[in-house]
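*Asks:* attaching a predicted model along with its sequence, questions to come.
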Amino acid sequence: MGDSDVGKSNLLSRFIRNEFCSESNPTVGIDFANRRIQAEGKLIMAHIWDIAGSERFRALRGSYCSGADGAILVYDVSKPSTFDNLAMWLKELRDNTYPNIRIVLVGNKTDLKHLPTVATDDAHRFSENEGLSYIETSALDATNVKAPFQMIVEDIYRTIIKNPISGPEEANGETSGLTKEGKTIDVSATDET
């Protein structure tokens, strides 16, 4: 997720097909891709949604985010306005997902360092304050493109192994009755003495 024209589609294209299109059009609605990623010796199939940054697709974004286990939040290091909008994106993301969703903040387009840029220290400070992982990338020259995807999948995998991601009903104090192993237990039965 992130503003239009921060390079989300080119990051995904570079990661999935090792392609970069300098004349890419803005994403209309949602794009989707799959890729297997190795995490702690396990091969994980990642289902990746590229969600349009345009305001006219705001209603769609919430519904496509709702079941996400993780998110990559992208801004353009050469456009401070895209960094300034991160708080809005983060709020939208957190309002529409699980409470313990894993998020990686990505400062993209590091190949444009010759332009006025967002200070890396500011991005680190923002990510630390919000509890996010942070990395800088360039889809154009393929710098660190694999890293955010690898980071998010490994983080999700470790989180699920240690403590399964709770759904919206668990966030409200209700439980689904599923154990970590997938067995159903009766949570309504009480042991009265």
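*Replies:* Thanks, I have it. Since the structure is predicted, the reported quantities are computational estimates derived from the model, not experimental observations.
*Asks:* helix/strand/coil for the spatially closest residue to residue 2 that is not a sequence neighbour?
*Replies:* Setting aside the residues directly before and after it, residue 2 is nearest to residue 74 in space (C-beta to C-beta, 6 or more residues apart in numbering), at 3.8 Å. Using the backbone N, CA and C atoms, a C-beta is placed for each residue, glycine as well. Reducing the assignment at residue 74 to three states with DSSP: H, G, I helix; E, B strand; the rest coil gives strand.
*Asks:* what segments of the protein are strands?
*Replies:* Counting by DSSP state E, the segments of the chain that form strands are 30-39, 42-51, 70-76, 102-108, 133-136.
*Asks:* could you dump those into JSON lines with distance to residue 156, mean neighbour count and mean pLDDT added?
*Replies:* Supplementary listing: the strands of the chain in JSON lines, determined by distance: least, C-beta to C-beta, whole Å; neighbours: other C-beta atoms under 10 Å; pLDDT from 0 to 100:
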{"stretch": "strand 30-39", "distance to residue 156": "8", "mean neighbour count": "14", "mean pLDDT": "79"}
{"stretch": "strand 42-51", "distance to residue 156": "8", "mean neighbour count": "15", "mean pLDDT": "84"}
{"stretch": "strand 70-76", "distance to residue 156": "5", "mean neighbour count": "24", "mean pLDDT": "93"}
{"stretch": "strand 102-108", "distance to residue 156": "5", "mean neighbour count": "26", "mean pLDDT": "95"}
{"stretch": "strand 133-136", "distance to residue 156": "12", "mean neighbour count": "19", "mean pLDDT": "96"}
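*Asks:* compare those strands and give me the one nearest residue 20.
*Replies:* Taking C-beta to C-beta as the measure, the strands of the chain were each checked against residue 20, and strand 102-108 came out nearest at 11.8 Å.
*Asks:* tilt between the closest one and strand 70-76?
*Replies:* 20 degrees (axes from the mean of the first three to the mean of the last three C-alpha atoms, to 10 degrees).
*Asks:* wait, doesn't the residue nearest to residue 2 sit right on residue 7?
*Replies:* Yes: distance between residue 74 and residue 7: 6.6 Å, which falls inside the contact criterion (C-beta atoms under 8 Å).
*Asks:* now do the shared contacts for these two.
*Replies:* Between them, residue 74 and residue 7 share the neighbouring residues residue 108, with contact defined by C-beta atoms under 8 Å, 6 or more residues apart in numbering.
*Asks:* counting contacts, what elements does the longest helix anywhere in the chain pack onto?
*Replies:* The helix that spans the most residues within the chain, counting by DSSP state H, is helix 146-162. Judged by 3 or more C-beta pairs under 8 Å, 6 or more residues apart in numbering; DSSP states H and E, helix 146-162 is in contact with helix 8-17, strand 30-39, strand 42-51, strand 70-76, strand 102-108, strand 133-136.
*Asks:* that'll do, ta.
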